[in-house]
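Participant: Need coordinates for the following:
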Amino acid sequence: MHPETHESKRDHRTNRGGPLGKGSVLAGTRRRDRQTGGLDHLGAAGSAADPGRARQGARGDAGLDQSVVPVLAAPPMRGGLPTAVPTDPTIYRFYEALQVYGPAIKELIHEQFGDGIMSAINFSVDVQKKPHPSGDRVVVTFDGKFLPYEWVAAES
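Facilitator: Numbering: from 1, shown residues only. You can find the predicted model right below:
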């Protein structure tokens, strides 16, 4: 059994009959991919948010269990951290902080901005020393432009 994460909820609810089984949401998306540029399949597979399919499900005309609707509409987890753990102690602490707080930071970004990413190209970082009675604190600020995901078909 998967831990209750966003990804496992999406996987479990959209693949009821197995990975591409008869009762799965994925099985019904392949024929619609020609009109949508593959977005139906990406949404059902958990690689892209699928607000259109979620709206259909909310209206009841998509044949979906209502528990699937918010899962399809939620911004998915894209990619992951590399499996090789950094060995430099300072870099490792950033890795550790993102492992612990990354999902919460991602949720906050999506709540405030919508489905998208923070640019690491149009980006600045600031490091400050903050005095504290129990020991100086390190304050790191990442300042990246928000880039919304824009899904378009190649033929458009």
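Participant: Do you know the pLDDT at His110?
Facilitator: With respect to pLDDT, His110 has a value of 94.
Participant: And it, how close does it get to Lys130?
Facilitator: Using C-beta to C-beta, to the nearest Å, His110 is found at 28 Å from Lys130. Where C-beta positions appear, they are placed from N, C-alpha and C, glycine not excepted.
Participant: who has more neighbours, these two?
Facilitator: Legend: neighbour count by other C-beta atoms under 10 Å for His110 and Lys130, higher for His110 (15 against 8).
Participant: Contact partners for the more buried one?
Facilitator: Applying C-beta atoms under 8 Å, 6 or more residues apart in numbering, we find His110 in contact with Pro75, Gly116.
Participant: Then it would be within a helix, right?
Facilitator: Yes - read with DSSP: H, G, I helix; E, B strand; the rest coil, His110 is one of the residues of a helix.
Participant: helix or strand for Glu107, which one?
Facilitator: Using DSSP states H and E, Glu107 sits in helix 89-113.
Participant: buried sites along that helix?
Facilitator: Of all the residues in helix 89-113, those buried under the rule 16 or more other C-beta atoms under 10 Å are Tyr95, Lys106, Ile109.
Participant: tell me which of those residues is nearest to Phe146?
Facilitator: Checking those against Phe146 with C-beta to C-beta, the nearest one is Ile109 at 7.6 Å.
Participant: List the contacts of that closest one.
Facilitator: The contact partners of Ile109, by C-beta under 8 Å, 6+ apart, come to Gly116, Met118, Phe146.
Participant: can we see that at 10 Å?
Facilitator: Pro75, Asp115, Gly116, Ile117, Met118, Gly144, Phe146 (C-beta atoms under 10 Å, 6 or more residues apart in numbering).
Participant: Relative to Asp88, how far out is it?
Facilitator: Plainly put, Ile109 is 26 Å away from Asp88 if you go by C-beta to C-beta.
Participant: Kindly report the same for Gln99.
Facilitator: 16 Å.
Participant: same question, Glu111
Facilitator: Distance, Glu111 to Asp88, using C-beta to C-beta: 33 Å.
Participant: Domain-wise, how is the protein divided?
Facilitator: Annotated domains of the chain cover 6-73, 89-148 [automatic domain parsing].
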